[in-house]
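quick one, fold the following:
(chains A and B)
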Amino acid sequence: MSRTRRRQDPRVPAVLLIPAALGVAILVLPMVGLVLRAPWGGLPSILTSDEVLTALRLSLVTATVSTGVALVCGVPVAWLLARTRLPGRSVLRGLVTVPLVLPPVVGGVALLMVFGRRGLVGGWLHDTFGISLPFTTEAVVLAQVFVAMPFLIVAVEGALRTADRRYEDVAATLGATSWTTFRRVTLPGVAPGVLAGAVLCWARALGEFGATVTFAGSFPGTTRTLPLEAYVAINAGDTEVAIVLSLLMIAVSVTILVGLRDRWIGTS
Amino acid sequence: MSLDADLALTRGDLALRIGLAVGPGEVVALLGPNGAGKSTTLQLLAGTLVPDGGRVELDGVTLDDAAAGVHVRPRERRVGMVVQDYLLFPRMSVLENVAFGLRSRGLPRDRARAEARGWLARMGLEGYERRRPAELSGGQAQRVALARALIVEPRLLLLDEPLAALDAGTRPVVRAELRRHLAGYGGCTLVVTHDPLEAMVLGDRVVVLERGRVVQQGPPAEVARRPRTDYVARLVGLNLLTGTASGRTAELPTGAVVALAHDATGPVHIAFPPVAVTLSLRRPEGSARNAWPLVIADLEAHGDLVRVTADGAVPVLADVTPLAVADLGLEPGGQVWASVKASEISVYPA
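Numbering: from 1, shown residues only, chains lettered A, B, ... in the order given. Presented below is the predicted three-dimensional model:
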């Protein structure tokens, strides 16, 4: 007789079932609504219109550049957090992850205060080099890095913490400097984590709205990314364009989610 | 080339305090139970841990001197390491793994790879250059790890349980291979193991570590014949008693008396193999001059024989045939006489 009988599913109490159904509805209905209301016939012409293509190009370029900046700066931050006994490390970890929970618009205001023409850094940049960041494409990138880099840092730090540090010890006994060890042993070892972090970061940057609109404004071609374009369209009563843009972003998000789920849950 | 180390480190439950010397070309096996401090010792020698006290000198170069605040970092110590799971860099080819040390020392890629090829050939691994570590068998991975460590000509080679990850079938072959490769290496070698056979086969000398201290050291045969602690005695399959000798008898702390074949005086170890023990239901007569009444605690299969654990004034392990077990009706809790001839007993100063 088998002792490991399959557990029977418990009866679901209505007290749980009803709110659960409501929760699922809140999450799923909006997307169903978008699909139902989508102007499938007009889709190709809207997708290839100048405004949409411009916003799409701007979004792809800025999100990619932001991810590049986040990789170059964020991976070293993660390494510092995971591998060193820097004093005030936990405070540093708290600080760099604040943007995860901060309303993006607050980030935008903060960026304006620092990089604005009269800001801490912005004033100096303007007086010394004649550079003004706000309301430029660079500002879009800065806003995206601000909100998206913490995702990368958290993912990479987690990967570094679970990586087997003995590989680094072996590399050291073989005469490798800490930089060589990082480049040839540590980094390849956490590559999946870096990739997952970069993808999350890219997706977050692509969807960035609040900090961007506050710090960079909404200028077609230079700062009006896909989310801003959608917002402008709905405000102008151009519902069909807004729906198409929304579907476009959902498609990107779902693609990323599916790709990452295999990486996280899969047994590779 | 020689290693002279005197190490002190306290970490949690472990208070490590050992002196260790390895001569040029010598292979020393560090044997001990789990938690004895073997791996900690290796980490200290490799430089990934810093000792609280003591000195480490390798080839006349001071690597650690706690009093003077000297600690040479791992990459400058010229200490090679091969660990149980080999830790080959998983995303590099076998060739890149072996060439890693030379590349790290700034050798151009072509020269590093040419030399790595030579080492792979010496290890009998031609044709494996482009494989990934995951595509190797345990024995092959070990040889790659050995080549990777030796290519940078370390003065001291540390092996941490080098055979533990292998299955029982391949272990003897790889062990013999490893012994051959170690014989060709001129530096000092320290092999950490909890397997007595491995220590005996690989080591020119065996150092036994228990609870952070060296409890015995010597040539393998000497350690096997004359264990000084229960741990070693059990490992090499000997009964070990400690007592005080006077003439041809020795008295144990329990008051029991053991007859000896030769004169001895003072504190002694008394060792005899389990096969030398005869069990009987009545007090034996004849030449077996040592006979003790005992209670059987346990019976277990031990090769073709049955190992009987018996307690009493003289705790004894006895190896008897299954036939004897049946004839005598041995079972846990049963009374039995254990006898050993004095000539089977070896006695040496404690």
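
chain B: helices as residue ranges?
For chain B, the helices defined by DSSP state H cover B:38-46, B:94-104, B:109-122, B:138-150, B:171-183, B:196-202, B:220-225, B:230-236, B:322-328.

would a markdown table of those helices with distance to chain A, mean neighbour count and mean pLDDT be doable?
To be clear about C-beta, it is placed using only N, CA and C from the backbone, and glycine gets the same treatment. Converted to a markdown table, the helices of chain B look like this (distance: least, C-beta to the nearest C-beta, whole Å; neighbours: other C-beta atoms under 10 Å in any protein chain shown; pLDDT from 0 to 100):
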| stretch | distance to chain A | mean neighbour count | mean pLDDT |
| --- | --- | --- | --- |
| helix B:38-46 | 6 | 23 | 93 |
| helix B:94-104 | 4 | 25 | 95 |
| helix B:109-122 | 12 | 16 | 94 |
| helix B:138-150 | 7 | 24 | 92 |
| helix B:171-183 | 17 | 16 | 85 |
| helix B:196-202 | 20 | 21 | 84 |
| helix B:220-225 | 27 | 17 | 85 |
| helix B:230-236 | 27 | 19 | 84 |
| helix B:322-328 | 34 | 13 | 90 |
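
any regions of chain B where pLDDT drops low?
B:287-288 (pLDDT under 70).

likewise the stretch 51-200 of chain A?
In the stretch 51-200 of chain A (pLDDT under 70), no residue qualifies.

which parts of it sit against chain B?
Counting by C-beta under 8 Å from any C-beta of the partner chain, the stretch 51-200 of chain A comes close to chain B at A:164, A:166-167, A:169-177, A:180, A:184-185, A:188-189, A:191.

among these, which are in helices?
A:166, A:167, A:169, A:170, A:171, A:172, A:173, A:180, A:188, A:189, A:191.

tally of neighbours for the second one?
Translated: residue A:167. The number of residues packed near residue A:167 is 18, by other C-beta atoms under 10 Å in any protein chain shown.

isn't it up against residue B:89?
Yes. Using C-beta atoms under 8 Å, residue A:167 is in contact with residue B:89, at 6.5 Å.

which ones are touching the closest residue to residue A:209 other than its chain neighbours?
With C-beta to C-beta, 6 or more residues apart in numbering or on different chains as the criterion, residue A:209 has its nearest non-adjacent residue at 4.2 Å, and that residue is residue A:227. Contacts for residue A:227 (C-beta atoms under 8 Å, 6 or more residues apart in numbering or on different chains) come out as A:59, A:207, A:208, A:209, A:212, A:249.

make TSV out of those residues and add neighbour count.
Output for the contacts of residue A:227, formatted as TSV (neighbours: other C-beta atoms under 10 Å in any protein chain shown):
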residue	neighbour count
A:59	26
A:207	19
A:208	30
A:209	19
A:212	30
A:249	18
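
tabulate those residues in TSV, adding columns for distance to residue A:53 and secondary structure.
Output for the contacts of residue A:227, formatted as TSV (distance: C-beta to C-beta, whole Å; DSSP: H, G, I helix; E, B strand; the rest coil):
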residue	distance to residue A:53	secondary structure
A:59	11	helix
A:207	19	helix
A:208	19	coil
A:209	20	coil
A:212	19	helix
A:249	15	helix
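
taking these together, which two end up most distant?
A:212 and A:249 (14.0 Å; C-beta to C-beta).

how much space separates the residue lying closest to residue A:82 once chain neighbours are set aside from chain B?
Using C-beta to C-beta, 6+ apart and skipping the chain neighbours, the partner closest in space to residue A:82 is residue A:160 (3.7 Å). Residue A:160 sits 16 Å away from chain B, going by C-beta to the nearest C-beta, to the nearest Å.

over to residue A:160. Which of the three states is it?
Counting by DSSP: H, G, I helix; E, B strand; the rest coil, the backbone at residue A:160 sits in helix.

how far does stretch B:54-69 sit from the chain's center?
26 Å (C-alpha atoms, centre = their mean, to the nearest Å).

go through it and flag the buried ones.
Using 16 or more other C-beta atoms under 10 Å in any protein chain shown as the test for burial, stretch B:54-69 gives B:54, B:55, B:56, B:57, B:58, B:63, B:64, B:65, B:66.
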